[in-house]
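>>> Sequence and predicted structure are below.
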Protein chains: 2
Amino acid sequence: MDADFDLVGLGNAIVDVIAPSDDDFLVAHGLHKGSMRLIDEATAEELYRAMGQTTVVSGGSAANTIIGAAKLGCRTAFIGKVKADPLGEIFAHDIRAANVTFAAHPAVDGPASARSLILVTPDGQRTMNTFLGACQALTEADIDVALIAGAQICYLEGYLWDPPAAKSAFLKAIGIAHAAGRRVALSLSDSFCVDRYRDEFLRLIRDGSIDILFANESELHSLYQTADFDTAVAALRNEDMLAVVTRSEKGCLVVTREETHAAKAYPVEAVIDTTGAGDLFAAGFLAGLVKGRDLVDCARLGALAAAEIIQHYGARPHADLAALAAENGLA
Amino acid sequence: MDADFDLVGLGNAIVDVIAPSDDDFLVAHGLHKGSMRLIDEATAEELYRAMGQTTVVSGGSAANTIIGAAKLGCRTAFIGKVKADPLGEIFAHDIRAANVTFAAHPAVDGPASARSLILVTPDGQRTMNTFLGACQALTEADIDVALIAGAQICYLEGYLWDPPAAKSAFLKAIGIAHAAGRRVALSLSDSFCVDRYRDEFLRLIRDGSIDILFANESELHSLYQTADFDTAVAALRNEDMLAVVTRSEKGCLVVTREETHAAKAYPVEAVIDTTGAGDLFAAGFLAGLVKGRDLVDCARLGALAAAEIIQHYGARPHADLAALAAENGLA
């Protein structure tokens, strides 16, 4: 079926405020390394004051994925909520600069645009503290029916379950996509997010709402409440969908009811900042899928995009991803 | 004489908005590669819309220098003007996060905080488009007498000659510093800035206002209106001050009436972005000076700090400069 877009993403529109940090700082502020926690505006201000010199760069999990896919040549669109304020302008500028259609209706009042205060430790791990702000104003009214119906794949981030009104927007998007014969992809976002919404995510998976699932190992363990990887994968194999499990330097596993494929990670010289690794993996995988590549090639393209992003600060690609893909026979 | 601070800087308080670019973009927008031009708010908005994905990080030439010196263990302060707005908050946060005393009185009305839209081409050169905004509100009233009088060296950037009222603040600071028996350092900022204010800069140099001068080759050529390096250096030798001429990968020359020393550049693996190279050179050199190192060691410390900054985006150090200095016997 013809489509106006290859991929439309729905997610929290967030600007990342990144600073180098160390383990002592995390301990002193009671932060759990490698996780995302939600914070209120006062906590955001307090933590910001304590952080070192920052770099400000647009982020947001699904937004990172959509931009990665755009850089790989996909026709993309994004739906997310910002306020008409400076951080909101940065977010809108940057996503449009990547040729993503961003038909936002910025909020004119209410909380400020969202930011995630990200502390990057020398091991390359990021600890995220997110003030959702204007993202909480995303509602069903922001879901553009024609946009969702006209995209081959509708991509959703699990984090969208956090802002209360976004959940109904999320479900509306699934309904529209499926009514139009499109596929719906979900990223589980992080293990704490899965802890918060396990039952609802499992229900979505099992009632046929989700066609493609992205999870890393800890998210998968959380979803099925098991510490054993093989048990979790076996559970996944019983679901009726295409699932991709990312395993950092161990590569990934593509799992369907019928088949399981493993793919390697791309070697990198040095890991600088793992922010966005999962997001860019999804970008590469989905770009492969809409181009009609087989599942192993999709996984390789995901791994290639993830390898690029972890070699620098920030979760938006620096290198020419399309050229990288071509060099690796994955264009 | 005892001092509260090793170094106080006076400069434009600017946030850098950096995007990768290419030569075609520069040509299409009539931009002169490697230079800084001043733009108004409307031009800033137009150029921003045309730029790609940006990284936002605090900048400002003298501010970069002061932060570099702080990271090298100097006791530092900075005077510059921001507005009470989001970019102004970013600037104030970042400079304070580096333990620099920043006793700002943010403007509550008037133009927005300054920003420099910086296009970085693949050759690592940066082309800067600066909207001075709130910097134009810097006046003599912002010059804290005790702060200037209490610092061993008062460091000024030539760019301060651009905002009209800042010139009198600049001259007031020189008067206070010299009355207190302190030294005054000036960076010529860029060759176009020297073109704009050549006569005034030469008068300052020759009336004893400037004790230490930083210039790169093109600024020096502009100052003495000659294309010949040796002629320019001979002219410099006739001035009664300590001058340092930076020459990119060719290292630098330290010139006084009595002696001339050459120092090498530190080898770097790859030049990513030369933004801040001169600023960080000055940081290292001045840090060496206040620590009582000889002129060659000062130059080596300057070269070391410059080498760090050109290996990543942005003009604020990523590495632990004090540790780098120690590893190189320059602590």
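Structure's in. What do you need?

>>> can we go C-alpha only for contacts and neighbour counts from here?
Fine.

>>> so what's the residue nearest to the spatial centre of chain A closest to, chain neighbours aside?
The C-alpha lying nearest the average C-alpha coordinate of chain A belongs to A:S61 (CA atoms, centre = their mean; 3.1 Å). Among residues not flanking A:S61 along the chain, A:D279 sits closest, at 5.8 Å (CA to CA, 6 or more residues apart in numbering or on different chains).

>>> how about the residue nearest to A:R49 when sequence neighbours are not counted, phi and psi?
The spatially closest residue to A:R49, leaving aside those adjacent along the chain, is B:H93, at 6.8 Å (CA to CA, 6+ apart). Torsion angles at B:H93 (phi, psi; degrees, to the nearest 10) stand at phi -60, psi -50.

>>> What is the neighbour count of B:H93?
B:H93 has 20 neighbouring residues, counting by other CA atoms under 10 Å in any protein chain shown.

>>> and if you look at A:D22?
For A:D22, the count of nearby residues is 12 (other CA under 10 Å).

>>> any idea of the pLDDT on A:M1?
According to the prediction, A:M1 has pLDDT 63.

>>> okay, how far is it across stretch A:54-62, tip to tip?
One end of stretch A:54-62 to the other measures 23 Å (CA to CA, to the nearest Å).

>>> Now do that stretch: distance to the chain's middle.
Centre-to-centre, stretch A:54-62 and its host chain are 12 Å apart (CA atoms, centre = their mean, to the nearest Å).

>>> Check stretch A:127-138 too.
Taking mean C-alpha positions (CA atoms, centre = their mean), stretch A:127-138 and its chain are 14 Å apart.

>>> close to chain B, is it?
No. Shown here: stretch A:127-138 not in contact with chain B (CA under 8 Å from any CA of the partner chain), separated by at least 15.6 Å.

>>> Next: stretch A:94-109.
Yes. Stretch A:94-109 reaches chain B (CA under 8 Å from any CA) through A:D94, A:I95, A:A97, A:A98.

>>> May I have that stretch exported as PDB, CA atoms only?
C-alpha atoms of stretch A:94-109 as PDB (Å, rounded to 0.1, in the frame of the first residue of the first chain):
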ATOM      1  CA  ASP A  94      16.600  20.400  15.300                       C
ATOM      2  CA  ILE A  95      14.000  17.800  14.300                       C
ATOM      3  CA  ARG A  96      13.100  19.900  11.300                       C
ATOM      4  CA  ALA A  97      16.700  20.400  10.400                       C
ATOM      5  CA  ALA A  98      16.800  16.600   9.900                       C
ATOM      6  CA  ASN A  99      14.000  16.800   7.400                       C
ATOM      7  CA  VAL A 100      11.500  15.300   9.700                       C
ATOM      8  CA  THR A 101       7.900  16.600   9.400                       C
ATOM      9  CA  PHE A 102       7.100  18.000  12.800                       C
ATOM     10  CA  ALA A 103       3.600  19.400  12.800                       C
ATOM     11  CA  ALA A 104       3.600  20.600  16.400                       C
ATOM     12  CA  HIS A 105       1.000  22.700  18.100                       C
ATOM     13  CA  PRO A 106       3.200  24.200  20.900                       C
ATOM     14  CA  ALA A 107       1.500  24.700  24.200                       C
ATOM     15  CA  VAL A 108       1.200  28.400  25.000                       C
ATOM     16  CA  ASP A 109       0.800  28.000  28.700                       C
END
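
>>> Now it: average pLDDT?
For stretch A:94-109, mean pLDDT is 92.

>>> again, but for stretch A:19-27
Stretch A:19-27 comes out with an average pLDDT of 94.

>>> now stretch A:160-173
Averaged across stretch A:160-173, pLDDT comes to 91.

>>> again, but for stretch A:211-231
96.

>>> Show residues contacting that stretch.
Stretch A:211-231 is contacted from outside by A:183-192, A:194-195, A:198, A:202, A:205, A:232, A:235, A:240-247, A:278, A:282, using CA atoms under 8 Å, 6 or more residues apart in numbering or on different chains.

>>> Stretch A:233-241 now?
By CA under 8 Å, 6+ apart, the surrounding residues in contact with stretch A:233-241 are A:205-206, A:208, A:210-213, A:224, A:243, A:255-258.

>>> The same query, at a cut-off of 6 Å, please.
Residues from elsewhere that reach stretch A:233-241, judged by CA atoms under 6 Å, 6 or more residues apart in numbering or on different chains: A:D211, A:I212, A:T256, A:R257.

>>> Between the residues you listed, which sits nearest chain B?
Nearest to chain B, judged by CA to the nearest CA, of the contacts of stretch A:233-241 is A:I212 at 28.8 Å.

>>> partner residues bridging that closest one?
Beta bridges link A:I212 to A:A185, A:L242, judged by DSSP bridges.

>>> and it, how far is that from A:V244?
A:I212 sits 8 Å away from A:V244, taking CA to CA as the criterion.

>>> Which one's more surrounded, those two?
Neighbour count, other CA under 10 Å: between A:I212 and A:V244, A:V244 has more, with 26 against 21.

>>> Contacts for the helix or strand encompassing the more buried one next, please.
Using DSSP states H and E, A:V244 maps to strand A:242-246. Strand A:242-246 is touched from outside by A:I212, A:L213, A:F214, A:A215, A:N216, A:C252, A:L253, A:V254, A:V255, A:T256, with contacts defined as CA under 6 Å, 6+ apart.

>>> Which two among those residues are spaced furthest apart?
A:N216 and A:T256 (15.8 Å; CA to CA).

>>> the more surrounded of these two?
A:N216 (21 against 18).

>>> next one: phi and psi at that one?
Backbone torsions for A:N216, taken as degrees, to the nearest 10, come to phi -100, psi 180.

>>> one step back: cross the residues of stretch A:94-109 next to chain B against helices and list the overlap.
A:D94, A:I95, A:A97 (DSSP state H).

>>> Output the set of residues of chain A in proximity to chain B.
Residues of chain A lying close to chain B (CA under 6 Å from any CA of the partner chain) are A:G52, A:Q53, A:T55, A:V56, A:V57, A:D94, A:A97.

>>> Isn't the first one up against B:A97?
Yes. Distance between A:G52 and B:A97: 4.8 Å, which falls inside the contact criterion (CA atoms under 6 Å).

>>> what about the stretch 201-331 of chain A, any weak spots by pLDDT?
Nowhere does the stretch 201-331 of chain A drop to pLDDT under 70.

>>> can you give me the strands in it?
A:212-216, A:242-246, A:252-255, A:260-263 (DSSP state E, counting those that start in this stretch).

>>> which one of those strands is the most hemmed in?
strand A:242-246 (a mean of 25; mean count of other CA atoms under 10 Å in any protein chain shown).

>>> That strand vs strand A:212-216, what angle?
Counting by axes from the mean of the first three to the mean of the last three CA atoms, to 10 degrees, strand A:242-246 points 20 degrees away from the direction of strand A:212-216.

>>> Only alpha carbons, please: show strand A:242-246 as CSV.
The C-alpha coordinates for strand A:242-246 follow below in CSV (Å, rounded to 0.1, in the frame of the first residue of the first chain):
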residue,chain,number,x,y,z
LEU,A,242,8.5,-9.6,15.7
ALA,A,243,10.8,-8.8,18.6
VAL,A,244,14.3,-7.5,18.7
VAL,A,245,16.4,-7.8,21.9
THR,A,246,19.5,-5.6,22.0
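
>>> Centre of the chain to that strand, how far?
14 Å.

>>> what distance separates the start and the end of stretch A:145-154?
For stretch A:145-154, the first-to-last residue distance is 12 Å (CA to CA).

>>> pLDDT of that stretch, averaged?
Stretch A:145-154 shows a mean pLDDT of 97 in the predicted model.
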